[in-house]
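J.: from the sequence below, what's the structure:
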Amino acid sequence: MSTFSKIKRAMRGEVSLPTALLEGGRRSYSAISRRNEQARLRQQAKQPARLTSEFARLSPAQLLTHFRDRKRNFFPGFEPSQSGVAPDKSGLPPHSKAADRIVNNHAWPLLGLSEHVFVDWHRDPLSGFDWPLDFYSELNLHRGDGSDVRVVWELNRLGHLLTLACAYSLTNDQRLSAEFFRGVESWDRRNPVGYGVNWNCAMEVALRAMNLLAAFSVFRRAPDLDAENLARLLRMFDQHGRFIREHLEFSYVATSNHYLSNVTGLLWLGILVPELSGAKAWRDFGLRELQREMDKQVLPDGADCESSTGYHRLVLELLLYSFLLCRLNGIEIKESYWQKLHKMFRYLRSYLRPDGAAPLLGDSDGGRVLPIYDHRGNDHGYLLSMGAVLFNDPQLKSDKLPAAPEVYWLLGDKALRDYEGFATDSRGSFSQQFADAGVCILREGDDYLLLNASSTGLNGRGSHGHNDALSIEVSACGRAFIVDPGSYVYTADLDERHLFRSTAYHSTVQVDDVEQNETLRDVPFVIGDQAKPRILEWVSDPTSDRVSAEHYGYSRLPQPVIHRRTVTFDKQARFWLIEDEFSGAGEHKLAARFHFDSGLAVLVSDNAVRAADESGNRLFVKPLDQEQSPDVEAQFTSVDYAQKSQSFSALWTFHCALPGKLRWLIVPVCAGEDENRRLQFTEGGNRSDSKK
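T.: Next up is the predicted model:
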């Protein structure tokens, strides 16, 4: 790639000249500061933790006594007063079983891999590749051999230590504390600061520090915490804090969940280990930057700015858990930020399907903060019960979602009882437009359609957005029918990465086999900003919804085309009418796809397609103005990172002159309903003489 191309890619999106100059200066300074970094980090690796003068003068025995006895406000479920008193519904038995498998087999679930035996901190469980212990900045992360740094990073976030900590807080089983200290010693010995893939990304360093801090809040009371173990942990906390502060993933052009994770890690280290000499500066910097990033990264309607529901979940966790930690420690967060956090919950509540699962718009890599329990990639609902209690908001309660066990660990057993006292408020689930996010939900009861008119994210820079402009998700009869396919993998397979974020993998219309936004196979975290979708109209009343949106991704064709999609939802007759209009001139190929969920039988009947599950629930998609039958394509759907399931899409292909129009009728038929009557009723009310 040429120097010009690299500069153009780095400055893509909405970048002013002053911002570009600032960013150029920052990069030059960073390059200079890295020149002697190896020597500096080797020296740090030999140093004990830098303590404040008050604690540096203490003997190892005195320091140990201090940490055993000190009062430090952490989440209620991790405190001694809560040990052993959690209600059965908190889901604690699986912690004990999972902890036993960690101790006995060194095995635990990871992302979409289910349970796996882990034998080394550097070995990729997918490919078996052992990442070398080279200096972090000299490693090539995109190897093209099936290895996946994302999976290795997840392993080294050390989330399994929380399983040990939660089980120990209930059982006081010293096998668990012994495994914790053994694991920490092993990780420290195999990962000298600055060397190896586990120091390559400051975000990973920060999330690992947070998990270590949470586990340490429990195990500092264990009998096998001795002076040596304490000294090791304090040195690791100091190294993690220094590394994050010196390697911030900041840019004047744009910041994302990476930089937010950096400053969150510093905030936590500053609050929870004030004995370190750098702690106060980390805390003050982290708190200031956390709030600034919330201003930048959370849109006015509460959605994360990266056009991804998966990263909305991650950012919500980062902010929620940090706000709670600050409140516990008497650190003020302005009310305006709490209100914005509340909006993030409201957005999540709205986009959840009636079955309680989330549509996986944009990238979804399963990333979590404090993974106390395992949750699938499309499980975002566990956060709602915390939000309902925190904001005293019954509209965040769903009768499909019981109180999450995280409520106990993060808010205490009283919060569990408070949540149970809330009556379910159905007003939390209604048709709604999120204009800033570019997401519209048309729903009534168990019928749900989401129209995605979101941008590529990050003010046009795009990193986790997909080519999904004007795509839809449809759910009815208690299950999902038309879905976003998810992400599957990042760098492990660049062909699959390119495929899962492509236009052809989403339920929209592709013109002339061109991507809506420019993407390159070998640049997996860059996406263009040509589509620029926007919502033109939104009308919602008790009987119907109507939304119209368009995008301009095909304006760059030799004969430009603008795609407009209008969706009308008849709430009483229970069907959706989709109208796709194409303005432009000349002959074009139109490929209209509907991507169905895995586990559905997809059959063609005349010119319509029928998707059915084993319970007899069906969804029909039928063109109203065309007699052409669709093809059924074999595709895949991924709910969890590194996992995919066979699924199918229906494809109608038309070669035609523009301007033109296509219309589709989408009708759910639940088990026990008369199929013919449903179809005749809805189709008869929407047949017209309009032609493409």
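J.: poorly predicted segments of the chain, please.
T.: Scanning the chain with the threshold set as pLDDT under 70 gives 1-14, 29, 31-32, 80-94, 426-428, 681-692.
J.: packing partners for the longest strand that it contains?
T.: The longest strand of the chain (DSSP state E) is strand 645-669. If you count contacts as 3 or more Cβ pairs under 8 Å, 6 or more residues apart in numbering; DSSP states H and E, strand 645-669 packs onto strand 471-476, strand 575-595, strand 601-605, strand 618-623, strand 631-637, helix 675-684. The C-beta positions use only the backbone N, C-alpha and C, and glycine is treated the same way.
J.: 6 Å instead, please
T.: Contacts defined by 3 or more Cβ pairs under 6 Å, 6 or more residues apart in numbering; DSSP states H and E place strand 645-669 against strand 575-595, strand 618-623, strand 631-637, helix 675-684.
J.: mind checking those for the one nearest to G241?
T.: strand 631-637 (40.3 Å; Cβ to Cβ).
J.: list of residues touching the closest one?
T.: With Cβ atoms under 6 Å, 6 or more residues apart in numbering as the test, strand 631-637 has contacts from P485, S598, V602, K644, S645, S647, F648, S649, L651.
J.: identify the bridge partners of the last one.
T.: With DSSP bridges as the criterion, the beta-bridge partners of L651 are R593, D631.
J.: quick check: it touching R593?
T.: Yes. Counting by Cβ atoms under 6 Å, L651 does reach R593; the two are 5.2 Å apart.
J.: so between these two, which is more surrounded?
T.: Between L651 and R593, R593 has the larger neighbour count (other Cβ atoms under 10 Å), namely 24 against 18.
J.: ok, that one - contacts?
T.: By Cβ under 6 Å, 6+ apart, the residues touching R593 are S507, S649, L651.
J.: can you select the buried ones from the contacts of strand 631-637 in ChimeraX?
T.: Buried subset of those, written as a ChimeraX selection, criterion 16 or more other Cβ atoms under 10 Å:
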select :485,598,602,644,647,648,649,651
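J.: for the contacts of strand 631-637, which one is nearest R35?
T.: K644 (43.6 Å).
J.: OK, contacts around I472?
T.: L449, L451, S507.
J.: got the contact list for the last one?
T.: Shown here is S507, whose contacts under the criterion Cβ under 6 Å, 6+ apart are S471, I472, I482, R593, F594, H595.
J.: excluding chain neighbours, what is closest to the spatially most central residue of the chain?
T.: Nearest residue to the geometric centre of the chain (Cα atoms, centre = their mean): G310, 2.3 Å. What sits nearest to G310 in space, not counting adjacent residues and going by Cβ to Cβ, 6 or more residues apart in numbering, is S364, at 3.0 Å.
J.: wait, doesn't the one you found sit right on G377?
T.: Yes. With contact defined as Cβ under 6 Å, S364 counts as touching G377 (4.9 Å).
J.: sorry, back to before: I'd like to know which of the contacts of S507 is nearest to S127.
T.: H595 (28.3 Å).
J.: count the residues that sit near the closest one.
T.: Applying other Cβ under 10 Å, we find 26 residues neighbouring H595.
J.: before we move on, what about N172?
T.: Number of residues near N172 (other Cβ under 10 Å) recorded here: 14.
J.: flag every buried residue along the helix or strand where V103 lies.
T.: Using DSSP states H and E, V103 sits in helix 93-105. Across helix 93-105, burial judged by 16+ other Cβ under 10 Å covers H95, S96, A98, A99, R101, I102, V103.
J.: please apply the same query to stretch 664-679.
T.: W664, L665, I666, V667, P668, V669, C670, R678, L679.
J.: would you list the contacts of strand 631-637 in a markdown table and tack on distance to D284?
T.: Below are the contacts of strand 631-637 laid out as a markdown table (distance: Cβ to Cβ, whole Å):
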| residue | distance to D284 |
| --- | --- |
| P485 | 43 |
| S598 | 48 |
| V602 | 56 |
| K644 | 44 |
| S645 | 47 |
| S647 | 49 |
| F648 | 54 |
| S649 | 52 |
| L651 | 56 |
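J.: can you tell me what sits against stretch 120-128?
T.: Residues outside stretch 120-128 that contact it (Cβ under 6 Å, 6+ apart) are H116, D130, W131, G146, S147, D148, V151, V152, N156, W187, R190.
J.: who touches the third one in this structure?
T.: Going by Cβ under 6 Å, 6+ apart, W131 touches H122, V197.
J.: ok, now how distant is it from Y195?
T.: To Y195, W131 is 11 Å away according to Cβ to Cβ, to the nearest Å.
J.: next, count neighbours for the closest residue to D522 other than its chain neighbours.
T.: Spatial nearest neighbour of D522, chain neighbours left out: L494 (6.3 Å); criterion: Cβ to Cβ, 6+ apart. Under the neighbour criterion other Cβ under 10 Å, L494 is assigned a count of 17.
J.: verify the stated contact: L494 with T519.
T.: No. L494 lies out of contact with T519 (Cβ under 6 Å); the separation is 10.9 Å.
J.: re the thing from before, so the longest strand of the chain versus strand 618-623, what angle?
T.: Strand 645-669 runs at 80 degrees relative to strand 618-623, counting by axes from the mean of the first three to the mean of the last three Cα atoms, to 10 degrees.
J.: quick one, strand 645-669 and strand 601-605 angle?
T.: Put simply, strand 645-669 runs at 60 degrees to strand 601-605, going by the same axes, to 10 degrees.
J.: assumed the residue nearest to G310 was part of a helix.
T.: No. Judged by DSSP: H, G, I helix; E, B strand; the rest coil, S364 forms no part of a helix; its state is coil.
J.: picking up where we left off before, phi, psi for the residue nearest to D522 please.
T.: Here is the backbone geometry of L494 (degrees, to the nearest 10): phi -70, psi -30.
J.: and it, how far from V523?
T.: Distance from L494 to V523, by Cβ to Cβ: 9 Å.
J.: one more: G412?
T.: G412 is 46 Å from V523, by Cβ to Cβ.
J.: out of those two, which sits in the more crowded spot?
T.: Neighbour totals were compared for G412 and V523, and G412 leads with 19 against 14 (other Cβ under 10 Å).
J.: wait, that one touches P76, no?
T.: Yes. G412 is within contact range of P76, at 3.5 Å (criterion: Cβ under 6 Å).
J.: W282 touches L267, doesn't it?
T.: No. Here W282 does not reach L267: they are 7.1 Å apart, not a contact under Cβ under 6 Å.
J.: who's in contact with I333?
T.: With Cβ under 6 Å, 6+ apart, I333 has these contacts: F323, C326.
J.: could you say which helix or strand holds it?
T.: Per DSSP H and E, there is no helix or strand for I333.
J.: and if you look at the one 5 residues further on?
T.: Under the criterion DSSP H and E, the helix or strand holding W338 is helix 335-351.
J.: ok, residues contacting that helix?
T.: Contacts for helix 335-351 (Cβ under 6 Å, 6+ apart): 291, 294, 298, 302-303, 316, 319, 380, 384, 387, 391, 396, 428, 432, 441.
J.: so which of the residues you listed sit within strands?
T.: Q432, I441.
J.: counting neighbours, which of the contacts of helix 335-351 comes out on top?
T.: Of the contacts of helix 335-351, with other Cβ under 10 Å as the count, A303 tops at 28 neighbours.
J.: show the backbone phi and psi for it.
T.: phi -90, psi 150.
J.: pipe the contacts of S507 into a markdown table and attach distance to F345 per row.
T.: A markdown table is the format used below for the contacts of S507 (distance: Cβ to Cβ, whole Å):
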| residue | distance to F345 |
| --- | --- |
| S471 | 25 |
| I472 | 24 |
| I482 | 26 |
| R593 | 33 |
| F594 | 31 |
| H595 | 28 |
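J.: name the nearest of those relative to K532.
T.: Of the contacts of S507, the one sitting nearest to K532 (Cβ to Cβ) turns out to be S471, at 15.4 Å.
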